[in-house]
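Engineer: predicted coordinates and the sequence they were generated for:
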Amino acid sequence: MATDPLDTPIATAIPSSSSAYEADERIAARHAVSLADEKWRTLCTQHASTFVAAERRSVAIQKSLQELLVTIEVETKPSVKKVGRALDPNYSGEDDDNEGEGKDDDEEEGEDDGVPIQPASALLADLAEKHRLRRRTLMQHSSLLELLELPSLMDACVRSSLYEDALSIAGFANTLERRHLMEGSSSSSSGKVSDKKGDGKNQNDQSQWNKKGDVVAGVVSEIRRREADLRRMLIHRLRQDVTMPQCLEVVTALRRLNGVELERRNNSKRKSSSADHDLEGVHAAMEMRLQVDFLEARDCWIEGGVTKIGSAQAAAVAAASSSSGDKGSSSGTSAQAEQILDGVERYRTRCFEIVTQFLAIFRGSFAPSPSSSSNNHDHSFSLLSMWTARRIQTFLTTLSSNIVTHVNDTATLRDALDAASFFASSMGRVGADFQPMLAPIFEPRLTEMIIGHWHDGLNGMIETLKACRDAGIAGPLFGTETTSNKDGTGRSGNLDGFEIQSSRTPAPPRKLLALPPLARFLNAYLGGLNELRRCLLPGASPAIRSGQSKLVADAKMALQANERAVLTPGLRGEAARLREVASKMKSEFDNCLEPYMTGCLEVALGNVDYAMKQAKVVALAAEKVRLAAEKLKAEEETLAKAEADAIEKAKSEAEALEKAKADAIEKANADALEKEAAERIAEETVQDELGQSDAGSSPEPQPIADPDLFDDDDDDMY
C-alpha cells in the first residue's frame with residue numbers, strides 16, 4: 001500500500017521544486033479549510049441563540065399563515081357561494097330550501113339563514129353605484145390629496161416659522177370639523193330618531209358618511225397635534241433673546257391659537273346644545289394661562305443668562321490665579337468681581353426688559369370690561385407682582401452666595417452694592433424697589449471682613465509672643481522709640497491743633513514702636529478700619545462695635561496668658577527681659593492702645609462728638625505727661641550737673657596728687673644722681689692716687705692699655 005506523500009516528511013517526500021510547490025499548496029489549502037471550519041463552528045456557537053430564535057419565528061410565521069388561510073377560506077366561502085347563486089339565472093329560493101334539508105354543513109346553512117339573496121340586477125346596480133362614487137372620488141383626487149396633506153403642510157409651516165399660514169390651516173381644520181363632522185353627526189342622530197328600523201339604503205349612506213367622517217376626523221386630529229407643536233415652538237422661542245416686536249409677534253400668534261381653541265369650544269357648545277359653557281370665562285382663563293406661559297418662558301431665558309455667575313468660569317479663574325503668583329491672585333479676584341458685576345447688570349437688564357414687555361403686551365387685558373370678570377385686573381397685576389417678587393428673591397439668594405464665596409475686599413463689596421442698588425432703583429420704576437433688602441446681605445459680610453482683619457493681627461501677635469517665649473529671646477519684642485518732638489509724646493505741643501487733628505484722624509502713639517508686636521497689631525486694626533472707610537454701612541456699626549469689644553477682651557486675655565507664661569519658674573533664655581516686656585506690653589495696652597483703638601473706631605464710624613471728647617481727654621493726658629517729662633528732665637539735668645562738678649573736683653584732686661607724686665619722684669631721682677656722681681668722683685680720686693704711687697716705684701714705664709676706658713664703662717654700668 002502506497003503512502004500519501006503529504007503524510008511523509010517534507011525533506012524526504014519532495015524530490016523536486018515543482019512537487020514541493022504543489023505540496024505547499026495542498027498543505028495551505030488544508031490549513032485554510034480547517035481554519036474556515038473552526039471559524040464556522042465558532043460563529044455557530046456564538047449565534048446559536050439567534051439561529052434558534054429565527055427558527056422559532058419561521059415556525060410561528062408558518063403557523064400564522066396557515067391560520068390566516070383557513071380564516072380567509074372560512075370567511076370568503078359563504079360570500080363566494082352567495083355571489084354564485086345571485087349570478088345564476090336558474091337560481092330560486094326554493095332550491096336553496098330543498099338543498100338545505102339534505103346538507104350536513106350546519107355552519108354554512110346557519111350563516112345563510114335570515115339573509116336574503118338579492119337578484120343579479122340589484123347587485124349590478126349596487127356595484128354601478130359604488131363605481132360611480134369611486135369615479136367621483138378619482139375626479140376629486142387633487143382636492144383630496146391637498147386635504148390629506150394639510151397636516152404635513154402645517155408641520156412644514158411650523159418648522160419654517162410661518163405662523164400665519166399655520167394658524168390659517170388650524171382655522172380651516174375647525175371649518176372642516178364643523179361642516180363634515182358635526183353636521184354628519186347631527187344628521188345621523190336625526191335619522192335615528194325619524195326611522196328607528198332603517199332600510200338598507202339608509203344604512204349604506206350612513207356607513208359611507210361614517211367612512212368619510214373617519215378620514216376628516218383623522219386629518220383634523222393630525223392638525224390638532226400640529227397645533228400643540230406650534231404652541232410648544234412659540235413658547236420655546238420666548239425662552240430665547242427676543243426683541244419687543246418679536247415678542248409681540250409670538251404672543252399675537254399664541255392669542256390667535258387660543259382663538260382657534262375657543263372657536264372649537266364654541267362648535268362643541270353648539271353640538272351639545274348646553275347653556276353651561278362660559279366662553280368669556282374660558283377666554284379669561286386662556287389669557288391668564290398665556291401670561292403664565294410667557295413669564296415661565298422668560299424665566300428660562302433669565303436663568304440661562306445668569307447661571308454663569310460664580311460657577312465654572314469663576315472656578316477656572318480661581319485655579320489659574322492659584323497656579324500663578326500674587327499678580328495672578330489679584331487678577332483672579334478682579335475677574336471674579338467683574339463677573340459678579342456683569343451678572344448683576346445682566347440680571348437687571350433682563351428683569352426690567354421682561355417687566356416692560358409684559359406691561360406693554362398685556363396692559364390691554366388689565367382694563368376690566370363690563371362683560372368680563374371683575375377681578376381680571378387684580379389677577380394680572382398679582383401675577384406680575386408674584387413673578388417679580390420671586391425673581392428678586394432668587395437674585396438676592398444668588399447674590400448672597402456669590403458675595404460670601406468670591407468677594408474678599410471692601411472695594412469689590414462697594415461695587416456690588418452700587419450695582420445692586422441701581423438694580424433696585426430701576427425696579428422701583430415699576431413698583432418693585434427692594435433697596436431695604438440689600439442691607440441684610442452686605443452688612444454681615446462687611447462686618448465679617450473687618451473682624452477678619454482684626455483677628456489676623458491678633459493671631460499674628462499671639463504667634464510672635466509664643467515663638468519668642470519658646471525660643472527664650474526678647475530681641476524681636478523690643479524696638480526703638482522714635483519721637484517727633486522734644487517732649488517724647490509723639491504729638492503736637494499745641495492743644496488746639498491736636499484737637500483738630502484728632503477729630504479727623506487720630507495720630508498713632510509713637511511710643512508703641514518700642515513694642516513691635518503691639519505696633520503690628522495696631523497696624524492690622526487700622527487696616528481693618530481703612531477697609532471700613534471704603535464701604536461704610538450704618539447698620540453694621542453695632543456689630544462692629546461688638547466685634548471691637550470682643551477683640552479687646554481677647555487681646556487682654558492673650559497678654560495676661562503671656563505674662564503668666566513668662567512668670568513660670570524655669571523659663572530659659574532671656575527670662576528677665578521677657579518678663580519685663582510682658583508687663584510693659586500689658587500696661588501699654590491698657591493705658592495707651594485700648595483708648596486709641598476706641599477713638600479710631602468712633603472716628604471711622606463718624607461719631608465726631610465722641611472723637612472730640614476723646615481728643616480733649618488724650619490732649620490733657622498728653623499735657624500732663626509733657627509737664628511731668630519736663631520736670632523729670634530738669635531734675636535729671638540738676639543731678640547730672642552735680643555729678644559733673646563732683647567728677648571735676650575729684651579729677652582735679654587726682655591731678656594734684658599725681659603732680660606731687662611726680663615731683664617727689666623727680667627729687668629722689670636728682671638726689672640719687674648727685675650721690676652717684678659724688679661717689680664716682682671719690683673713686684676716681686682714689687684711683688688716681690694709686691696710679692701715681694705705682695708709677696714712682698717702677699724703672700721703665702710699660703705700654704699698657706689705658707685702664708680709664710674700661711673703668712669708665714664699668715662705672716657707666718652702675
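Structural biologist: Nice, thanks for sending it over.

Engineer: for whichever strand or helix holds residue 343, name the packing helices and strands.
Structural biologist: Assigned by DSSP states H and E, residue 343 falls within helix 326-366. In terms of contacts (3 or more CB pairs under 8 Å, 6 or more residues apart in numbering; DSSP states H and E), helix 326-366 is packed against helix 244-272, helix 279-306, helix 312-323, helix 376-406, helix 410-428. Backbone N, C-alpha and C define where each C-beta goes, glycine included.

Engineer: which of those sits closest to residue 131?
Structural biologist: Nearest to residue 131, of all the helices and strands packed on helix 326-366, is helix 244-272, at 34.6 Å by CB to CB.

Engineer: for that closest one, packing partners?
Structural biologist: Secondary elements touching helix 244-272 (3+ CB pairs under 8 Å, 6+ apart): helix 163-176, helix 200-238, helix 279-306, helix 326-366.

Engineer: before we move on, the earlier item: looking at the helices and strands packed on helix 326-366, which is buried most?
Structural biologist: helix 410-428 (a mean of 18; mean count of other CB atoms under 10 Å).

Engineer: the helix or strand that comes right after that helix: how far from the chain's middle?
Structural biologist: Using DSSP H and E, the helix or strand that directly follows helix 410-428 along the chain is helix 439-471. With CA atoms, centre = their mean, to the nearest Å as the basis, helix 439-471 stands 27 Å off its chain's centre.

Engineer: ok, now stretch 625-636?
Structural biologist: The answer for stretch 625-636 is 64 Å, by CA atoms, centre = their mean.

Engineer: which SS state does residue 536 fall under?
Structural biologist: Following DSSP: H, G, I helix; E, B strand; the rest coil, we place residue 536 in the coil state.

Engineer: residue 606 is in contact with that one, correct?
Structural biologist: Yes. Residue 536 is within contact range of residue 606, at 7.5 Å (criterion: CB atoms under 8 Å).

Engineer: what about the helix holding residue 343, average pLDDT?
Structural biologist: Mean per-residue pLDDT for helix 326-366: 77.

Engineer: now swap in stretch 607-618 and tell me
Structural biologist: Mean predicted confidence for stretch 607-618 is 69.

Engineer: in terms of secondary structure, what does the helix ranked longest in the chain contact?
Structural biologist: What stands out as the longest helix in the chain, according to DSSP state H, is helix 608-697. Counting contacts by 3+ CB pairs under 8 Å, 6+ apart, helix 608-697 is packed against helix 495-502, helix 594-604, helix 707-717.

Engineer: follow-up on the earlier one: which one's more surrounded, residue 536 and residue 606?
Structural biologist: Shown here are residue 536 and residue 606; by other CB atoms under 10 Å, residue 536 has more neighbours (16 against 11).

Engineer: got the confidence number for that one?
Structural biologist: At residue 536, the pLDDT recorded in the model is 82.

Engineer: what residues does it make contact with?
Structural biologist: 604-606 (CB atoms under 8 Å, 6 or more residues apart in numbering).

Engineer: residue 230 too?
Structural biologist: By CB under 8 Å, 6+ apart, the neighbours of residue 230 are 154, 158, 163, 166-167, 170, 253, 257.

Engineer: same question for residue 635.
Structural biologist: Residue 635 touches nothing, counting by CB under 8 Å, 6+ apart.

Engineer: how far away is it from residue 531?
Structural biologist: 46 Å (CB to CB, to the nearest Å).

Engineer: so where is the stretch 1-150 of the chain shaky, pLDDT-wise?
Structural biologist: Within the stretch 1-150 of the chain, the stretches with pLDDT under 70 are 1-23, 85-120.

Engineer: sorry, that was for the stretch 201-350 of the chain
Structural biologist: 201-213, 269-277, 306-333.

Engineer: same question, the stretch 351-500 of the chain
Structural biologist: 364-380, 480-500.

Engineer: hmm, residue 532 is touching residue 451, no?
Structural biologist: No. Residue 532 lies out of contact with residue 451 (CB under 8 Å); the separation is 10.5 Å.

Engineer: who are the packing partners of the helix or strand hosting residue 54?
Structural biologist: Element membership for residue 54 (DSSP H and E) is helix 48-87. Packing partners of helix 48-87 (3+ CB pairs under 8 Å, 6+ apart): helix 106-112, helix 120-139.

Engineer: want to throw those into CSV with distance to residue 473 and mean neighbour count?
Structural biologist: CSV is the format used below for these (distance: least, CB to CB, whole Å; neighbours: other CB atoms under 10 Å):
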stretch, distance to residue 473, mean neighbour count
helix 106-112, 121, 13
helix 120-139, 113, 11
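
Engineer: save those as CSV, and put in distance to residue 548 too.
Structural biologist: As requested, the helices and strands packed on helix 48-87 are arranged in CSV below (distance: least, CB to CB, whole Å):
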stretch, distance to residue 548
helix 106-112, 107
helix 120-139, 96
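
Engineer: so which of those helices is nearest residue 628?
Structural biologist: For the helices and strands packed on helix 48-87, proximity to residue 628 was assessed by CB to CB; helix 120-139 is nearest, at 125.3 Å.

Engineer: against which helices or strands is that closest one packed?
Structural biologist: helix 48-87.

Engineer: residue 573 in helix, strand or coil?
Structural biologist: coil.
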